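Participant: what shape does this take:
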Amino acid sequence: LEQNHGGEYAAFEDLIEKFFTALRDCGIAPYVVLDGGTDHTDKKLETVTLRAVDRIKRAHQAAVGGRHEGILPQMVKLVFKQTLARLEVPVAQCFGEADQQIAALASEWQCPVLSNDSDFYIFDLPAGLLPISHFQWEAVKQSGSQSYIPCKSYQTSSFCIFFNIQRQLLPAFAALAGNDYVKLRRTESSISWTQFSPAGSGTPGSRLEGLLCWLRGFQQPQEALEAALGLMEELSSKRKAEVLQSLYLGMEEYQLPPSSLKRFFIHGTAPPFPAVEEVAGLVPDWTLLPLTQAQLTPDILDVLLLKRMSLSFPVDHADMPSANLISRPLRQVMYGLLLGRRRQLQVQERDRDGLQLKYIPVQPAFTRVTKQLKLNSLDKVELAQRLQVLLEALGVTEASLSRLPPELRLPVAVTCYWLQKAQPAPDQNLLKALLLGLSNGDALRQRAALQLKNQHFKPKLDVGVAHAFNQWQACLKHSIHLNQLLGFPLPEPQIAR
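Facilitator: Got it, this is the predicted structure:
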């Protein structure tokens, strides 16, 4: 799909629907598990920071050169969640990273995992891994009365037989190779695993093959890790102890806990929030079910636990200011609701300044109404009060929206806010195009689907138009998140429709 012009959300929705239709036609019952917030230990901070820096550069390159750089449009996650809800596909959103919970559930249910995440090559999955890159769902085959999807299945047992290593060494292999939690190659403790490779070619593949060949000589992870430390002769004893600790932590990621999502999928019961002393009492109980149902953005967990908000970087020219700036007042109201009126409390917003990644301290803001509200009882507040918070943040009145269809009230309120705040001020033609899209959504959706089939050219990105609509999408996205936190005082608009 075209990614550089703000998002082909209708076409994306259609693609999702075709995918899940193909699964159901083959008698496959899908369960979708999504990532949530950042782990409170911040153990992946280095990894996510490097990815964010790279994404800023690619977003600028896409704006300048017009090539696809893998920059997903701002609302794509929301469209995915809304489409799953409409199709009644069971979905759970984790409080943190989903990998362990997916593997635990797959292990207990004896079902395969469909993913492209390399961590699933390490987890002990009884029914194996189906890599998405080999899952030919668009080429459904027939065998008698049964439909099936051609695919490849990966089993750790086959991998271990092929490379002649013990199954229990796979987590040690992942930690020594360097996963999101262990960056052995970036420290002074780097080992040249290629010396153990039969190929000895010095390619990334031979590095991993060399490590696997070296691991053949061990039965247990502990002896392999201690032997690896022996290869780091230049390190002090203290530093070796630190490296060993990080390797053990890296291995722990592949130990499967009991599934906390099984009861949710069967009985609709939210799992308990991890009982960790550092975060005790920070997340109200009433938020757990909507978070797990993917009806509440996991961004609130980053604000509550880390006092941080990681913003997205749409395709935009680096000379333009961040498209997130004009929606900051909306986020400040959300920070006020989440954090209360504690003194000198700030949220670090991770955003871009030109091509640089910056952390900007942002103060929570309070309106006349929010000063009286507390997060622990926010779900009990009268609807009229919750609506007033949203409308005050957007600078509109209830009367001004009263004649609109319910599903258009939030987008129109956001458009009013955007017209007041956008820099530079939006051109009248952009406003007309936006209003036309809002009022004729279904007709434009059908027309867009027809045009997609016959699209032989890619129009060049108009930097000014892209920036204006990036700002509008940022306003809509953060208004939707505020609306979710307030318990939907306005109906959530269907983005793809």
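Participant: ranges for the helices of the stretch 1-150 of the chain?
Facilitator: For the stretch 1-150 of the chain, helices defined by DSSP state H, counting those that start in this stretch occupy the ranges 9-25, 45-65, 76-86, 99-109.
Participant: and what of the stretch 201-350 of the chain?
Facilitator: Applying DSSP H, counting those that start in this stretch to the stretch 201-350 of the chain gives helices spanning 204-215, 221-230, 237-252, 262-267, 288-292, 299-306, 328-339.
Participant: of those helices, which is nearest I16?
Facilitator: Of all the helices of the stretch 201-350 of the chain, it is helix 262-267 that lies closest to I16, at 19.8 Å by CB to CB. No exception for glycine: its C-beta is placed from N, CA and C like everyone else's.
Participant: in contact with A425, which residues?
Facilitator: A425 makes contact with L419, according to CB atoms under 8 Å, 6 or more residues apart in numbering.
Participant: related to what we said a few turns ago, just put the helices of the stretch 1-150 of the chain in JSON lines and tack on mean pLDDT and mean neighbour count.
Facilitator: What follows is the helices of the stretch 1-150 of the chain, written out as JSON lines (pLDDT from 0 to 100; neighbours: other CB atoms under 10 Å):
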{"stretch": "helix 9-25", "mean pLDDT": "96", "mean neighbour count": "17"}
{"stretch": "helix 45-65", "mean pLDDT": "94", "mean neighbour count": "16"}
{"stretch": "helix 76-86", "mean pLDDT": "97", "mean neighbour count": "19"}
{"stretch": "helix 99-109", "mean pLDDT": "97", "mean neighbour count": "21"}
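Participant: redo the ones you listed as JSON lines? Include distance to V303.
Facilitator: Listed next are those as JSON lines, based on distance: least, CB to CB, whole Å:
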{"stretch": "helix 9-25", "distance to V303": "26"}
{"stretch": "helix 45-65", "distance to V303": "16"}
{"stretch": "helix 76-86", "distance to V303": "17"}
{"stretch": "helix 99-109", "distance to V303": "22"}
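Participant: turn the helices of the stretch 201-350 of the chain into TSV, columns for mean neighbour count, mean pLDDT and distance to A22.
Facilitator: Listed next are these as TSV, based on neighbours: other CB atoms under 10 Å; pLDDT from 0 to 100; distance: least, CB to CB, whole Å:
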stretch	mean neighbour count	mean pLDDT	distance to A22
helix 204-215	19	86	33
helix 221-230	17	92	40
helix 237-252	16	88	36
helix 262-267	14	96	22
helix 288-292	20	98	27
helix 299-306	21	96	32
helix 328-339	22	97	38
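Participant: could I get these as CSV with distance to W193?
Facilitator: As requested, the helices of the stretch 201-350 of the chain are exported to CSV (distance: least, CB to CB, whole Å):
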stretch, distance to W193
helix 204-215, 4
helix 221-230, 10
helix 237-252, 14
helix 262-267, 39
helix 288-292, 41
helix 299-306, 34
helix 328-339, 45
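Participant: quick one: closest of the helices of the stretch 1-150 of the chain to G144.
Facilitator: G144 lies closest, by CB to CB, to one member of the helices of the stretch 1-150 of the chain: helix 9-25, at 14.5 Å.
Participant: relative to helix 76-86, how tilted is that closest one?
Facilitator: With axes from the mean of the first three to the mean of the last three CA atoms, to 10 degrees as the basis, helix 9-25 and helix 76-86 are set at 40 degrees to each other.
Participant: which secondary structure elements does helix 9-25 sit against?
Facilitator: If you count contacts as 3 or more CB pairs under 8 Å, 6 or more residues apart in numbering; DSSP states H and E, helix 9-25 packs onto helix 76-86, helix 441-453.
Participant: how far does that helix sit from its chain's centre?
Facilitator: Its chain's C-alpha centre and that of helix 9-25 lie 20 Å apart, by CA atoms, centre = their mean, to the nearest Å.
Participant: quick one: W418 from N470, how far?
Facilitator: 11 Å (CB to CB, to the nearest Å).
Participant: same question, Q195
Facilitator: Distance from Q195 to N470, by CB to CB: 49 Å.
Participant: do the same with L208
Facilitator: Noted for L208: a distance of 39 Å to N470, by CB to CB.
Participant: again with L282
Facilitator: Remark: distance between L282 and N470 (CB to CB) = 32 Å.
Participant: F12: which of the helices of the stretch 201-350 of the chain is closest?
Facilitator: Distance to F12, taken as CB to CB, is lowest for helix 299-306 among these, at 21.1 Å.
Participant: hmm, back to that, out of the helices of the stretch 201-350 of the chain, which comes closest to P126?
Facilitator: P126 lies closest, by CB to CB, to one member of the helices of the stretch 201-350 of the chain: helix 262-267, at 15.0 Å.
Participant: what packs against the closest one?
Facilitator: Judged by 3+ CB pairs under 8 Å, 6+ apart, helix 262-267 is in contact with helix 99-109.
Participant: which one's more surrounded, L282 and N470?
Facilitator: Taking neighbours as other CB atoms under 10 Å, L282 and N470 compare with N470 leading, 25 against 16.
Participant: list the contacts of the residue lying closest to that one once chain neighbours are set aside.
Facilitator: Once flanking residues are discounted, N470 sits nearest to A323: 3.7 Å by CB to CB, 6 or more residues apart in numbering. The contact partners of A323, taken as CB under 8 Å, 6+ apart, are 314, 316, 467, 470-471, 473-474.
Participant: likewise E492?
Facilitator: Per CB under 8 Å, 6+ apart, neighbours of E492: 82, 410, 480, 483-484.
Participant: which strand or helix spans it?
Facilitator: Counting by DSSP states H and E, no helix or strand carries E492.
Participant: make 29 the starting number, not 1.
Facilitator: All right, first residue 29 from here; so that's E520.
Participant: next one: it from T325, what distance?
Facilitator: According to CB to CB, E520 and T325 sit 12 Å apart.
Participant: need the overlap of contacts for the two.
Facilitator: Taking CB under 8 Å, 6+ apart as the criterion, E520 and T325 both touch Q512.
Participant: of all the helices of the stretch 229-378 of the chain, which one is nearest A80?
Facilitator: Among the helices of the stretch 229-378 of the chain, the nearest to A80 by CB to CB is helix 327-334 (13.4 Å).
Participant: name the helices or strands packed onto the closest one?
Facilitator: Counting contacts by 3+ CB pairs under 8 Å, 6+ apart, helix 327-334 packs against strand 336-338, helix 356-367, helix 491-513.
Participant: could you dump the ones you listed to JSON lines with distance to G382?
Facilitator: As requested, those are exported to JSON lines (distance: least, CB to CB, whole Å):
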{"stretch": "strand 336-338", "distance to G382": "18"}
{"stretch": "helix 356-367", "distance to G382": "17"}
{"stretch": "helix 491-513", "distance to G382": "14"}
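Participant: closest to L411 out of the ones you listed?
Facilitator: helix 491-513 (12.3 Å).
Participant: what is the closest one packed up against?
Facilitator: So helix 491-513, by 3+ CB pairs under 8 Å, 6+ apart, packs with helix 327-334, helix 356-367, helix 411-422, helix 434-449, helix 456-467.
Participant: restrict the last one to CA atoms and write it as CSV.
Facilitator: Put plainly, it is helix 456-467. C-alpha atoms of helix 456-467 as CSV (Å, rounded to 0.1, in the frame of the first residue of the first chain):
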residue,chain,number,x,y,z
GLN,A,456,-9.1,26.8,2.3
ASN,A,457,-8.8,24.1,-0.4
LEU,A,458,-7.3,21.7,2.3
LEU,A,459,-10.3,22.4,4.5
LYS,A,460,-12.7,21.7,1.7
ALA,A,461,-10.9,18.4,0.8
LEU,A,462,-11.0,17.4,4.5
LEU,A,463,-14.7,18.2,4.9
LEU,A,464,-15.5,16.4,1.6
GLY,A,465,-13.8,13.3,2.9
LEU,A,466,-15.6,13.5,6.2
SER,A,467,-19.1,14.0,4.7
